[in-house]
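K.L.:
Output the structure for:
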Amino acid sequence: MKFNDTAVLSLALAAIMAIPAAALVAHAGDCDPAPIPYCSGATLPCCQLPPEDDSGSRVLKELGLAGRDNGAATWSTVDDFQTGVSTMVMSIKTQDRTGKVFASGFYKTDATHWTWLIRESNDHGKTWKTVDDFAYPGAIRVSADDLAEDGHGNLFAQGIANLGPNDYRFVVRKSQDSGNHWSTVTDEPLHESWSQSSLAAAPDGTLYSAGSLGPFGNSAYVVRRSTDGGASWFEADRFRLAPNRNATALGLAVDAQGVVYVSGYAQGSDGISRWVVRRSDTMGATWTTSDEFQTLPGRTTRAYNISAGAGGIYAVGSGTNEAREPLWLVRRSTDGGATWQTVDASVMEYGGYGFNLSTDSSDVYVVGNWDGYWVTRKSSDQGATWAETDRFDFNPVAQSVARAVCTTHGETYVGGIGQTDYSPDPSVNARWIIRSLQ
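P.N.:
Residues are numbered from 1 along each chain as shown. Sure, this is the predicted structure:
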């Protein structure tokens, strides 16, 4: 045990996105002890939990599994970086053509202003340098939320620039020379608020972007598509389970055949969130719901991210069991999304979430926050069994959150944040952390 992060992480979402205090209420019973991880963009559903006793949130770190991968290899921190007052990793990607590793996110120049940041390693994670430090003119916040590579070796990063209340720009930047130079290829106004954007590229070069579009309380699960390298975008899917309820697309994956999978959640008419995976095998022209799931009737269940690999399609998220204990959830499909099975439903003592995952030919890595620790879990038998391979604590009295993961060519990188001093908002006192297993 470290401390009960349930309350502090719930409150963190409000601090990061400047949610008015009145918005922080449990609505329609949609209260989840595994709150949404830090993100950029507009308001997302969240429950205000009772504040913790300070003595209960500051306990000594236990001895345990930190830095080990079942004794076979060693995890190490390969990038510990901060600029401005806080710096946060949002995504990590290895470029197939060159083997370079890229991480994207943002840094805070002060308490309210964010600047887009991309860093690169060209020596298998040994050294890192900043390759794109982009401040959108007039923006309060801009973050490089996700990375993708198309079939031609072009790199793309996308995010949202927030210029003020209800004033958002959808931004995509592109590099044609393996990250040495970046330029803006998309700069579109969004007439509705946007949050949690994800990016993926199909084998033919088609780009897909997913997120939540619309006002809080009536947001839609939205997928956009570009067939010209980001020069123009078209809405491919807009989905809700019930009118006047929230729906959010959080993760994107495209398999080798070009089938697109989008993970997220949507509230039913009862206001309770369901885990939702949507699928298109027509290059985004038509969509169907591949998986709609709740751990139990009336229990909030959310899918945060999704990955397509040789062993199948995997989605990761959170829910609760009969005893209302928080669950780290992984579900898997081996038939292209026709059917799904839960392959991990591990109980966390105090709370957290599995937030991201990556697959290669033999292993699945899932990362997130477990009872206040940065945690990486691994399966080498297509989800039949799981083992915790890294439990990392940057500071025993502060938060450590794993947010992004990439595994390829025998190398695995996990990105996130480690706080230098405790704050309930993980974007405060945060250092940009990347850990590697090689």
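K.L.:
Can you pull out the low-pLDDT segments for this structure?
P.N.:
1-73, 196 (pLDDT under 70).
K.L.:
ok, and the closest non-adjacent residue to V185?
P.N.:
Spatially, and ignoring its direct neighbours in sequence, V185 is nearest to G230 (4.2 Å; CB to CB, 6 or more residues apart in numbering). In this view, the C-beta of every residue, glycine as well, is placed from N, C-alpha and C.
K.L.:
So what touches stretch 92-102?
P.N.:
103-104, 118-122, 124-125, 131, 147-149, 153, 155, 178-179, 404-406, 408-409, 411, 413-415, 434 (CB atoms under 8 Å, 6 or more residues apart in numbering).
K.L.:
Give me the buried subset of those.
P.N.:
103-104, 118-122, 124-125, 131, 147-149, 155, 178-179, 404-406, 408, 411, 413-415, 434 (16 or more other CB atoms under 10 Å).
K.L.:
sorry, back to before: quick one, what contacts the residue nearest to V185?
P.N.:
156, 172, 174, 185-186, 207.
K.L.:
downstream neighbour of the host helix or strand of S263 in the secondary structure list?
P.N.:
Taking DSSP states H and E as the criterion, S263 maps to strand 260-267. Once strand 260-267 ends, the next helix or strand along the chain (criterion: DSSP H and E) is strand 273-280.
K.L.:
Provide the strand pairings for that following strand, with the direction of each partner.
P.N.:
strand 260-267 (antiparallel), strand 288-293 (antiparallel) (DSSP bridges).
K.L.:
coming back round to it: mind putting the contacts of G230 in CSV, neighbour count, secondary structure and distance to N395 included?
P.N.:
Output for the contacts of G230, formatted as CSV (neighbours: other CB atoms under 10 Å; DSSP: H, G, I helix; E, B strand; the rest coil; distance: CB to CB, whole Å):
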residue, neighbour count, secondary structure, distance to N395
F156, 25, strand, 34
V172, 24, strand, 35
K174, 20, strand, 37
V185, 19, strand, 39
T186, 21, strand, 38
L207, 27, strand, 38
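K.L.:
Start and end of stretch 346-360, how far apart?
P.N.:
From its first residue to its last, stretch 346-360 covers 22 Å (CA to CA, to the nearest Å).
K.L.:
so how far is that stretch off the chain centroid?
P.N.:
In terms of CA atoms, centre = their mean, to the nearest Å, the centre of stretch 346-360 is set 12 Å apart from its chain centre.
K.L.:
now do stretch 170-177
P.N.:
That offset, for stretch 170-177, works out to 20 Å (CA atoms, centre = their mean).
K.L.:
And stretch 428-438, by the same measure?
P.N.:
15 Å.
K.L.:
Return the set of buried residues in it.
P.N.:
In stretch 428-438, counting by 16+ other CB under 10 Å, buried: 428-437.
K.L.:
So which of those residues belong to strands?
P.N.:
430-437 (DSSP state E).
K.L.:
List just the nearest of those to D344.
P.N.:
Taking CB to CB as the measure, L437 is the one of those closest to D344, at 19.3 Å.
K.L.:
Show me what that closest one is bridged to.
P.N.:
W75, T412.
K.L.:
T127: what's its closest spatial neighbour, skipping adjacent residues?
P.N.:
Counting by CB to CB, 6+ apart, the residue nearest T127 is S121, at 6.3 Å.
K.L.:
follow-up on the earlier one: wait, a helix at the residue nearest to V185?
P.N.:
No - counting by DSSP: H, G, I helix; E, B strand; the rest coil, G230 is located in no helix; its state is coil.
K.L.:
That one and W194: what is the separation?
P.N.:
Distance, G230 to W194, by CB to CB, to the nearest Å: 16 Å.
K.L.:
Count the neighbours of the nearest residue to V330 once chain neighbours are set aside for me.
P.N.:
Computed as CB to CB, 6+ apart, the closest residue to V330 that is not its neighbour in sequence is D344, at 3.9 Å. Using other CB atoms under 10 Å, D344 is surrounded by 21 other residues.
K.L.:
And for Q82?
P.N.:
18.
K.L.:
what's the answer for D335, then?
P.N.:
Every residue meeting other CB under 10 Å relative to D335 is counted, giving 9.
K.L.:
that older thread, make a markdown table from the contacts of G230 and add distance to G351 to it.
P.N.:
Output for the contacts of G230, formatted as a markdown table (distance: CB to CB, whole Å):
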| residue | distance to G351 |
| --- | --- |
| F156 | 34 |
| V172 | 34 |
| K174 | 38 |
| V185 | 40 |
| T186 | 37 |
| L207 | 35 |
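K.L.:
Noted, bye for now.
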